[in-house]
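Visitor: Predicted model and sequence follow; I will ask about them next.
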Amino acid sequence: MLITDNYIIENDIVKFYIDRKRGHSQGRYECFISLQDFDRVKDLYWNVSYRKNIDGFYLTHSEYIEFKNGRSYFNIIYMHDYIMNPEKIELVVDHENHNGLDNRRDNLRVSQKHKNSSNRKGENKNSGTGIRNVNFGWEHKYYTVQFMKHGIRYAWDFPLDQFEEAKAFADIKRKEIFGDFAGNG
């Protein structure tokens, strides 16, 4: 969809809707950008693309590139990269609120890949407790709150009758260890 088709400007935010007509997640999606980026992105055709690895959506644009030797491919451009243009290959664009359709500048930040991966929401898919960073210890005899940062494992054990304490401790330690990139549990 070209953003020039249907948008609303409120203060310095442009809100627009994109319809996803194919795939398992058909529907209308609400998207945001900062007004300062509107002229750069409005004439490109943007799609709502589902990414299984994050179980979420991003705005993407496809460019068809053809080489002189006859080979060709589609280059996928993410709106957040197009807006922020991270200069180095080891840098990525992070959505602070975890919404890949919210590409307002105050929601985007350029970061290192390892920081971006720590800023996520929810528990791990293999979590036995349903709480991020709180796992069962050996043969379910205790809870373990654990984190990995730069290859270093941090772990604390809690008795089984202290599940709420383990959850609260995990939130505190996540913020202490990862700072602004702690994400949410």
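Guide: That came through, no problem.
Visitor: any idea how far the nearest residue to I76 once chain neighbours are set aside is from R20?
Guide: The shortest distance from I76 to any non-neighbouring residue, by CB to CB, 6 or more residues apart in numbering, is to T60 (5.4 Å). For the C-beta atoms, the positions are set from N, CA and C on the backbone; glycine is no exception. Separation of T60 from R20 (CB to CB, to the nearest Å): 11 Å.
Visitor: Can you check which residues contact both of the two?
Guide: With contacts defined as CB atoms under 8 Å, 6 or more residues apart in numbering, the residues shared by T60 and R20 are N47.
Visitor: Run through who's touching the helix or strand that the residue nearest to I76 is a member of.
Guide: Secondary structure from DSSP states H and E places T60 in strand 56-66. By CB under 8 Å, 6+ apart, the residues outside strand 56-66 that reach it are 18, 25, 29, 31, 44-51, 72-80, 82, 98-101, 103.
Visitor: Just name whatever secondary elements whichever helix or strand comes after that strand is in contact with.
Guide: Using DSSP H and E, the helix or strand that follows strand 56-66 in sequence is strand 72-78. Judged by 3 or more CB pairs under 8 Å, 6 or more residues apart in numbering; DSSP states H and E, strand 72-78 is in contact with strand 56-66.
Visitor: now with 10 Å?
Guide: The contact analysis (3 or more CB pairs under 10 Å, 6 or more residues apart in numbering; DSSP states H and E) places strand 72-78 against strand 47-51, strand 56-66.
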